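Visitor: below are the sequence and a predicted model for it; my questions follow.
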Amino acid sequence: PQYPRFFETARRVLPKDGKMLLHTIVFDRDVFSKLPRDQKKEFMQYGRFIVTDIFPHGELPRSEQIKEESAKAGFELVHEESLQNLARCDNQPNYAITLEKWAENLEANRDQAIVLTDQAFYDMYMKYLIQSAYWFRQRVIDVRQFLLKAA
């Protein structure tokens, strides 16, 4: 619901023909729709966990939403791309690998993390990192970049 205001503000502060690069995580409805029923249920549980515990009241947009809302505010889409496989030849999704490395580092520093926070917080963030990596690997969520030009 904040996209109209976000894009209107961005458009207002950019000079004519100014450019904006938006890097964001998106939900891929097409990939989701092809999942088996049990995986759809798992993803919905993951989504509830994310919007309740990690990013309260957050929402993953679809690429279409970004394009539609930016166009309404006066932007022209110059380029859009997934950053998942950028500069990789093994077809491994970059952000999944990043999340897995973060989880490994957190696990390696488990005791210190728990001293700084507590067991519940540590467990919550491990769950977030591991489950997010899984859904990036399934391609249900993606990191995309949008180059927009102020029209």
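Guide: Received the coordinates, thanks. Numbering: from 1, shown residues only.
Visitor: for the closest residue to residue 15 other than its chain neighbours, grab the count of nearby residues.
Guide: In space, not counting the residues next to it along the chain, residue 15 is nearest to residue 150; the distance is 7.1 Å by Cβ to Cβ, 6 or more residues apart in numbering. For the C-beta atoms, the positions are set from N, CA and C on the backbone; glycine is no exception. Neighbours of residue 150 under the rule other Cβ atoms under 10 Å: 19.
Visitor: my guess is residue 150 meets residue 73, correct?
Guide: No. Using Cβ atoms under 8 Å, residue 150 is not in contact with residue 73; the gap is 9.1 Å.
Visitor: quick one: the residue nearest the centre of the chain and residue 71, what's the gap?
Guide: With distances taken as Cα atoms, centre = their mean, residue 25 lies nearest the centre of the chain, 2.1 Å away. Per Cβ to Cβ, to the nearest Å, residue 25 is found 20 Å from residue 71.
Visitor: just to revisit the earlier point, which neighbours do residue 150 and residue 73 share?
Guide: residue 11 (Cβ atoms under 8 Å, 6 or more residues apart in numbering).
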